[in-house]
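Asks: coords please:
(one chain, ligands or ions: 1)
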Amino acid sequence: MRYYGSVYRPPSEAYSLIVQVTYGCSHNTCAFCSMYKEKHFALRPLEEILEDFRTARQLYRHVDKVFLADGDALVRKAAELYTILDTVRELFPECQRVTSYASPSSIRIRTDEELQTLCAKGLTMVYMGLESGCDEVLTLMRKGHSAAEIVEMGQKVRRNGIALSVTAITGLGGPELLERHAVDTAKAFNAMNPEYIGMLTLMVEPGTPLYDWLQEGKFQLLDQSQVLRETRLLMEHLDSPGSVFRMNHASNYLVLKGTLNQDREAMLRTIGAAEHDLSRLRPEAWRGL
Ligand code: SF4
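Replies: Residues are numbered from 1 along each chain as shown. Predicted structure coming up:
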């Protein structure tokens, strides 16, 4: 298998066969993100992708899941995506799931018919970053899309039969926008009603604009109590029946897992217990991205 540069994948793709179909991220300007800074966005030659799948078939006896990396697989031509998915199905009949990251821009260029065909050919789920439902936070963080645009694209994915996993980031509005970030993010999740909701907690990495703003005193991180207050507000406003909620990433201080809305009260009790006893939180030194 051949990989170019650092390869990122969602935590739930830890055991997936990962093949790059693009390199980098087509947006690559979010102020908090350092993921694909070392490479320019490019489409990987189709024949190389197919070769990697053929190589993987020789190497692995059982491939349950496939993740199409890097940041924006859906930006490829529909016909090429169909060829990739047909090849996966042909080579790995045992494969249960094919997933990729998808940006609002790449979903926008796909017609409903194309998304339905991608679904029929085995694209099971896409991961999309909402980051925040608050437009002020999205503008500050240079996300390049409004919350309404992201929500619309999430809804488009779901109505065409592809499952949706959406993430947002606690603390992304700093103390100033804490309440609006929490409430508007919950509203955006509710409007999409995705199969999976994932919450990360902001960690600032060197080399990003956000790191510089932090050094210059233009941005403040939340302390642990504020993170919990924001998480409580988010949880209180979530109304997304059936969505699996996960806040179990290494960046999170508090681990929360459950299915909405049925487990919301239990998760609120877990938040309450942590608010009364901060020693329940993951120590700062153990956090990571
Ligand atoms: S957060 Fe996602 S869209 Fe933004 S630069 Fe990073 S990879 Fe690209």
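
Asks: the closest residue to the ligand within the stretch 101-250 of the chain: what's it in contact with?
Replies: Residue of the stretch 101-250 of the chain nearest the ligand, by Cβ to the nearest ligand atom: Gly129 (5.0 Å). In short, each C-beta sits where N, CA and C put it, glycine included. By Cβ atoms under 8 Å, 6 or more residues apart in numbering, the contact list for Gly129 reads Tyr101, Ser103, Lys143, Val166, Thr167, Ala168.

Asks: can you do 6 Å?
Replies: By Cβ atoms under 6 Å, 6 or more residues apart in numbering, the contact list for Gly129 reads Thr167.

Asks: close to the ligand: what parts of the stretch 51-200 of the chain are there?
Replies: The stretch 51-200 of the chain has residues Gly71, Ser103, Gly129 near the ligand, with proximity defined as Cβ under 6 Å from any ligand atom.

Asks: so what's the residue count around the first one?
Replies: Gly71 is surrounded by 25 other residues when neighbours are defined as other Cβ atoms under 10 Å.

Asks: test my guess that it contacts Ala102.
Replies: No. Counting by Cβ atoms under 6 Å, Gly71 does not reach Ala102; the two are 9.3 Å apart.

Asks: tell me which stretches of the stretch 101-250 of the chain form helices.
Replies: Applying DSSP state H, counting those that start in this stretch to the stretch 101-250 of the chain gives helices spanning 104-109, 112-120, 135-140, 147-159, 178-192, 209-215, 224-237.

Asks: give the contact list for the nearest residue to Leu221 once chain neighbours are set aside.
Replies: Of all residues not flanking Leu221 in the chain, Gly171 sits nearest, at 6.2 Å (Cβ to Cβ, 6 or more residues apart in numbering). Residues near Gly171 by Cβ under 6 Å, 6+ apart: Thr201, Leu202, Leu222.

Asks: could you measure from Gly171 over to Val137?
Replies: Separation of Gly171 from Val137 (Cβ to Cβ, to the nearest Å) stands at 10 Å.

Asks: now Arg61
Replies: Relative to Val137, Arg61 is positioned 46 Å away (Cβ to Cβ).

Asks: between these two, point out the one with more neighbours.
Replies: The residue with more neighbours, out of Arg61 and Val137, is Val137; 23 against 6, by other Cβ under 10 Å.

Asks: verify the stated contact: the more buried one with His181.
Replies: Yes. Contact criterion Cβ under 6 Å: Val137 and His181 qualify, at 5.2 Å.

Asks: find the residues that touch each one of these two.
Replies: The contact sets of Val137 and His181 overlap at Gly173 (Cβ under 6 Å, 6+ apart).

Asks: where along the chain do the strands fall?
Replies: In the chain, the strands defined using DSSP state E lie at 17-20, 22-23, 42-43, 65-69, 97-101, 123-131, 163-170, 196-201, 244-247, 256-259.

Asks: if we can go back for a sec, point out the most buried one among the helices of the stretch 101-250 of the chain.
Replies: Most buried of these, by mean neighbour count (mean count of other Cβ atoms under 10 Å): helix 178-192, with a mean of 21.

Asks: contacts for that one, please.
Replies: For helix 178-192, contacts defined as Cβ under 6 Å, 6+ apart pick out 130, 132-134, 137, 147, 151, 154-155, 168, 173, 197, 230, 233-234, 237-240.

Asks: swap in 8 Å and give it another go.
Replies: 130, 132-137, 147, 150-151, 154-155, 158, 164, 166, 168, 172-173, 197, 222, 226, 229-231, 233-240, 243.
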